[in-house]
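> Here is a sequence together with a model predicted from it:
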Number of protein chains: 4
Amino acid sequence: MKIIDLRSDTVTVPSEEMQAAMARAEVGDDVYGEDPTVKELEQAATDLLGKEAALFVASGTMANQIALLAHTERGNEVIVDAESHIYYYEVGAAAMLGGVQLKPLEGLLSSEGPEVLRKAFRPPDIHFPITRLVCLENTFNRGGGTVISPAISKAIYDLAKERELTVHLDGARIFNAALALGCDVREFTRFCDSVMFSLSKGLGAPVGSLLAGSQQFIEKARRYRKALGGGWRQAGVLAAAGLVALKNIPHLAEDHANARYLAEGLAEIPGLQVDLSKVVTNIVVAKVVGRWTAAEFAEELARQGVKCNAWGPDTVRFVTHKDVSRADIETTLSIVKKILRL
Amino acid sequence: MKIIDLRSDTVTVPSEEMQAAMARAEVGDDVYGEDPTVKELEQAATDLLGKEAALFVASGTMANQIALLAHTERGNEVIVDAESHIYYYEVGAAAMLGGVQLKPLEGLLSSEGPEVLRKAFRPPDIHFPITRLVCLENTFNRGGGTVISPAISKAIYDLAKERELTVHLDGARIFNAALALGCDVREFTRFCDSVMFSLSKGLGAPVGSLLAGSQQFIEKARRYRKALGGGWRQAGVLAAAGLVALKNIPHLAEDHANARYLAEGLAEIPGLQVDLSKVVTNIVVAKVVGRWTAAEFAEELARQGVKCNAWGPDTVRFVTHKDVSRADIETTLSIVKKILRL
Amino acid sequence: MKIIDLRSDTVTVPSEEMQAAMARAEVGDDVYGEDPTVKELEQAATDLLGKEAALFVASGTMANQIALLAHTERGNEVIVDAESHIYYYEVGAAAMLGGVQLKPLEGLLSSEGPEVLRKAFRPPDIHFPITRLVCLENTFNRGGGTVISPAISKAIYDLAKERELTVHLDGARIFNAALALGCDVREFTRFCDSVMFSLSKGLGAPVGSLLAGSQQFIEKARRYRKALGGGWRQAGVLAAAGLVALKNIPHLAEDHANARYLAEGLAEIPGLQVDLSKVVTNIVVAKVVGRWTAAEFAEELARQGVKCNAWGPDTVRFVTHKDVSRADIETTLSIVKKILRL
Amino acid sequence: MKIIDLRSDTVTVPSEEMQAAMARAEVGDDVYGEDPTVKELEQAATDLLGKEAALFVASGTMANQIALLAHTERGNEVIVDAESHIYYYEVGAAAMLGGVQLKPLEGLLSSEGPEVLRKAFRPPDIHFPITRLVCLENTFNRGGGTVISPAISKAIYDLAKERELTVHLDGARIFNAALALGCDVREFTRFCDSVMFSLSKGLGAPVGSLLAGSQQFIEKARRYRKALGGGWRQAGVLAAAGLVALKNIPHLAEDHANARYLAEGLAEIPGLQVDLSKVVTNIVVAKVVGRWTAAEFAEELARQGVKCNAWGPDTVRFVTHKDVSRADIETTLSIVKKILRL
Ligand SMILES: [Ca+2]
Ligand SMILES: [Ca+2]
Ligand SMILES: [Ca+2]
Ligand SMILES: [Ca+2]
Ligand SMILES: [Ca+2]
Ligand SMILES: [Ca+2]
């Protein structure tokens, strides 16, 4: 049985073109700053994002945590969405590594975001930690792959700047956001001081993320990367795959089309509910309304060759990506129908 | 002009009886465990709270932070109310000192608390920090001095125990809670593994809080107190005041009566709104509904000799205590009336 | 049996004058910055030390740790002597609270100190933490109460400044140092950016230390004190004792004379060796050369009413202070003679 | 001009066999535990080292820091050699990430190591951090690539176990140690609770190290790896190179022979001194005794195509590895001769 893996776009595997690129990559010792392929990738990211400098790191979590470390001092407070990756999925690292307190706000990553942020500010007081940083996430994973528009991003950024706060953008899937709005990624990245994006999700590289910002920020980031054990030697083999991955950016459009197709198909199946207005990138969240719990439904699907994530007590998440074809989506839909007809 | 200070019960000053007790206190070096008055106070707290052992520390924040340190490992998650003192007023110390991530929940310290807690639990996953501790707060300061009933405390405690979680009670004003319900303080402390209460608030001691729990917990706590710089030498001079303060517990009833009297008076004044159902201890929160902001109103009050706290954009907080008499409350009411009539 | 306690000068108990001062102290809420007696003490310390501002804290360890926090960022390196209090006796707090790595050097607190420091500097490198701070200690407790001269202090300070490093002085017993050299304490404090001294050792106050430095430093320190739980309310009762303690500074001379007398007496007793050249303040370290281990000797002494500290496998430490008279020293000497004659 | 790079064995680049292996590697999502090549590599390491489980991580520093995190609690003390990699080259990470204080001892990694360790133990005391871990390093980099014998390793291990301490072995070059003594690597790894070795040094893989220990330890390690951002997705591409690297172990003998040849050659050149008794693996430390400083000498060498590390004010370090041939060594020797004849 062929497995159709819709748990996450992280499951993408390297293409033949990437494999060939890795095999022939020119490499050097990146801790000494001597890996030409890493440098080429960092320069490419710098250009794409419109920032001064970039750093190639092992994961999105590492990029986010380095950004937190480089933007804050111990004891600071960092404002995040209550469903953000940094708060929800990063193992409490912000507190453990950086000694910073996250302040999770409901609705920060929504059209009400600027108002939510404005209300959360507190005046200076010796009882309160000093706030230093606001984190955005785009697309918003737990929001269902939704896009925070440049206008909202700007409004939050402007509010932050009024308070002399720094803004970091967890842009793990920022190219999906740009593609969804048909705009340049810099329409988002101009409203942040630092940004991270992932190579190993929809773009298909095996390992790696890029963190970008000012020259000074990246110098601090490089030192923190070393302290986390993220200094890697001949990382050019991975950077070579990353350079190929950047060429995949336009192809994310197929993932979006497949997600839409899947969402519309699922929406028509009794026993499932899908808020189609939220399906704008490569993520589909469906509510299981029948006699199955989300976990049971996901388990049954897996038994029949389709993997998804039990996302909440009664929701499942499907993520489309380059290793899932339109035919796979059709197979998925027919398997779902079969199960729910039971 | 006599100042009537209703900002907080922390402003209480030592009585003559306390001053005399401090002057004649028998002391020793408490770092060596040799201060007899400190030992007497710790034993008294142990007995009052029904715990195995207690530790005398410099502040409620120190007691809470030591409890967090002693109950957790770095990287753990601690569940608190979104308006709890530990999250709101402790300078981000949980992250900075302990490397632990707070998970603030709205409504934990309400009658819905057990349900709120139950929904917040997440299954084990490598992306999630390990949860170790749930913190209660009683009375609930930012709730307006409200009391979490023993039944709710028990329900939360039982849920925590099902998950093998530890429960810490920030009982800075736990004697106010007991007095409000007319029950023994142990009706609350039996539903926690550790508890802190403050001597320097309504009880009137100049400095100090007590942290209590199991023998093993207090041994760990003593070591963490030393690391925080909280080991103090002839602390018996303060413990002597603390022993007098414990005798003040029954007198908290007057503060409650004064708060009630103040609340009812304020509720009748046009331009203010008071939820009388929440005024059950020594805290009164009033909403300023007229043309004043809370800050402006508090400032004008202060100019006329009455200090209160601007508590939110449109709310002020008054706290009654032993250094404020019924006559002071009456003066306060007439000053408020005069101001709002302007 | 009267106990003669020579373990440490921390065991001093408040005098009657202090007790009276504590009883009549005018107090306020120091967290709100409203305790007049605390302010008076902080101003007195500021003047004595020739710094811009001071902060009253619960212990020498708290003062040192706050200084480390306020001078460094997480991940920095702090240079200390390998026998310094900060490295040896502070429960690993520098790493735990501040995330800073101590770099202990042998001989920093010696006449070779400047050379030791010069050799320890490393060039910038991504593998090395950034060094921010050098810590002095005067008198040097584990050195035997020795004094680091102003000339050596200046040489270390100048080297530090060449590297843009900050210098903190753990001056728990800095008045003993000044008295030993017959100079003003500012001859030492001018060669540091921050300084701490203890009120509860030779000066006889029950609790407290003072941390002094620039206005900006003390503002940061105040915030860190709060995060450590060191914000205390009506601390004026302790500050009142501290103000009396400052008047005791000249009386430390008697402790020095008693230490000298004790040292010379011990040096003549077979079975003990004392390096008299090192006995310049109120500390006497004696080597036990006979059949006793230091621990056994200390235990036998204690049985006969004299307490000292087993300091190393074959050394004991005696500390003189205001609660030990010349007659007590003579009693001590005769008891030691009796024991070693056994 | 061909560059002969003797700065470190980290500069090794992947062989063609490795490149091919990376290109055809079967991969999966390692965060989900589904990468077959990573699993194969972890199993191979487990077997080689005689431990229960292993974890593939991005660097030796990451492996060491994870070991520290998994073996300790915040505030603990960790005993290391004063010249160990963990203390000297890891950016202060132990304090920053783990809140643990390093206790650097001179001579721990020498034949006197057990005695040095025994003397460093302190009795329990509230002023002292709790000691939890002793770290060995083998071969000892800053010792000049020297080998800590199994007998010394055992003596240290036994002393640690008497005190209920855990032992971690930084075995970045442990296969060099085994080869030097002609013994199985398990003669070393049996005297530790956890061990790390590097794939990207002499073994020639582009990126990665392995951390091994008990099943329970590796479970904790996996969680800490995630928190550091070290969870990587299709890491099998790197693991494939790692599996090839393991086949290179026997070839380290050539590096040792080349180092010996280089050392003997350098020893005969006036202006250089080499302690040949210490040249037992692939590291050669030479003292520059003439008019050059080490930095000047290294710079001049680099100008002529040979890179080495200025190691101290008057010492340089050369490291042999697979990408340096016997002919390269001969070229190096003649260039050195030419320079020093100048
Ligand atoms: Ca992937
Ligand atoms: Ca809400
Ligand atoms: Ca008070
Ligand atoms: Ca004292
Ligand atoms: Ca030495
Ligand atoms: Ca390599």
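Sure thing, it's come through. Ligands and ions are numbered 1, 2, ... in the order given.
> which residues sit in contact with the residue in chain A that ligand 4 sits nearest to?
Across chain A, the shortest distance to ligand 4 (CB to the ion) belongs to A:Ile126, at 28.6 Å. C-betas here are computed from N, CA, C, even on glycine. A:Ile126 sits next to B:Val91, C:Val31, C:Arg222, C:Arg223, C:Lys226, C:Gly231 when contact means CB atoms under 8 Å, 6 or more residues apart in numbering or on different chains.
> roughly how far apart are the first one and ligand 1?
Going from B:Val91 to ligand 1 by CB to the ion, to the nearest Å gives 41 Å.
> how far away is that residue from C:Gly98?
Going from B:Val91 to C:Gly98 by CB to CB, to the nearest Å gives 14 Å.
> now do the fifth one
Between C:Lys226 and C:Gly98 the computed distance is 15 Å (CB to CB).
> before we move on, what about the third one?
Distance, C:Arg222 to C:Gly98, by CB to CB: 16 Å.
> so how far is the first residue of stretch A:206-224 from its last?
One end of stretch A:206-224 sits 23 Å from the other (CA to CA, to the nearest Å).
> Does that stretch reach chain B?
No - judged by CB under 8 Å from any CB of the partner chain, stretch A:206-224 and chain B are separated, with a smallest distance of 15.8 Å.
> Domain-wise, how is chain A divided?
Structural domains assigned to chain A are A:13-247, A:251-341, following automatic domain parsing.
> Please list the residues of chain A that sit near ligand 2.
Residues of chain A found near ligand 2 (CB under 5 Å from the ion) are A:Glu106.
> one step back: filter the contacts of A:Ile126 down to the buried ones, PyMOL style.
Restricted to buried positions by 16 or more other CB atoms under 10 Å in any protein chain shown, the PyMOL selection for those reads:
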select buried, (chain B and resi 91) or (chain C and resi 31+222+223+226+231)
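> Let me have the contacts of A:Ile126 in TSV, extended by secondary structure.
Formatted as TSV, the contacts of A:Ile126 follow (DSSP: H, G, I helix; E, B strand; the rest coil):
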residue	secondary structure
B:Val91	coil
C:Val31	helix
C:Arg222	helix
C:Arg223	helix
C:Lys226	helix
C:Gly231	coil
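> which one among the contacts of A:Ile126 gets closest to D:Leu262?
Using CB to CB, C:Arg223 is the member of the contacts of A:Ile126 that sits closest to D:Leu262, with 56.1 Å.
> residues contacting that closest one?
A:Ile126, B:Val91.
> mind checking pLDDT for it?
Listed pLDDT for C:Arg223 reads 98.
> can you check A:Glu115 too?
For A:Glu115, the predicted pLDDT is 98.
> I'd like to know which elements the helix or strand in which it is found is packed against.
Assigned by DSSP states H and E, A:Glu115 belongs to helix A:113-120. Contacts defined by 3 or more CB pairs under 8 Å, 6 or more residues apart in numbering or on different chains; DSSP states H and E place helix A:113-120 against strand A:101-105, helix A:150-162.
> Which positions in it come out as buried?
A:Gly113, A:Pro114, A:Val116, A:Leu117.
> and what of stretch A:207-218?
A:Val207, A:Gly208, A:Ser209, A:Leu210, A:Leu211, A:Ala212, A:Gly213, A:Phe217, A:Ile218.
> Same check on stretch A:287-305?
Those buried within stretch A:287-305 under the rule 16+ other CB under 10 Å are A:Lys287, A:Val288, A:Trp292, A:Ala294, A:Phe297, A:Ala298, A:Glu300, A:Leu301.
> And the nearest residue to A:Thr146 once chain neighbours are set aside, its phi and psi?
Once flanking residues are discounted, A:Thr146 sits nearest to A:Phe140: 4.9 Å by CB to CB, 6 or more residues apart in numbering or on different chains. Dihedral pair for A:Phe140: phi -90, psi 100, per degrees, to the nearest 10.
> For stretch A:25-44, measure first residue to last.
Terminal residues of stretch A:25-44 lie 16 Å apart, using CA to CA.
> check contacts around A:Ile66.
By CB under 8 Å, 6+ apart, A:Ile66 lies in contact with A:Leu55, A:Val57, A:Leu211, A:Ala221, A:Tyr224, A:Arg225, A:Leu228, A:Gly230, D:Gly229.
> pLDDT score assigned to A:Gly208?
pLDDT, A:Gly208: 98.
> surely it meets A:Leu55?
No - A:Gly208 lies out of contact with A:Leu55 (CB atoms under 8 Å); the separation is 10.6 Å.
> mind checking how far the residue of chain A closest to ligand 4 is from B:Thr46?
Following CB to CB, the distance that separates A:Ile126 from B:Thr46 is 32 Å.
> What residues are bridge-paired with A:Val134?
Assessed by DSSP bridges, A:Val134 has beta-bridge partners A:Ile79, A:Val167.
> you'd agree it is up against A:Val116?
No - under the criterion of CB under 8 Å, A:Val134 is not in contact with A:Val116, lying 10.8 Å apart.
> can you list residues touching both of those two?
A:Leu108.
> Which positions in the stretch 51-200 of chain A make contact with chain C?
Going by CB under 8 Å from any CB, the residues of the stretch 51-200 of chain A near chain C are A:Leu69, A:Glu73, A:Arg74, A:Gly75, A:Gly98, A:Gly99, A:Ile126, A:His127.
> quick revisit: okay, the contacts of A:Ile126 in CSV with distance to ligand 5 next?
What follows is the contacts of A:Ile126, written out as CSV (distance: CB to the ion, whole Å):
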residue, distance to ligand 5
B:Val91, 40
C:Val31, 45
C:Arg222, 39
C:Arg223, 38
C:Lys226, 39
C:Gly231, 41
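> Can you tell me how far the closest residue to chain C within the stretch 151-300 of chain A is from D:Gly204?
Here the residue of the stretch 151-300 of chain A nearest chain C is A:Lys226; by CB to the nearest CB that distance is 5.3 Å. Here the criterion is CB to CB. By it, A:Lys226 lies 22 Å from D:Gly204.
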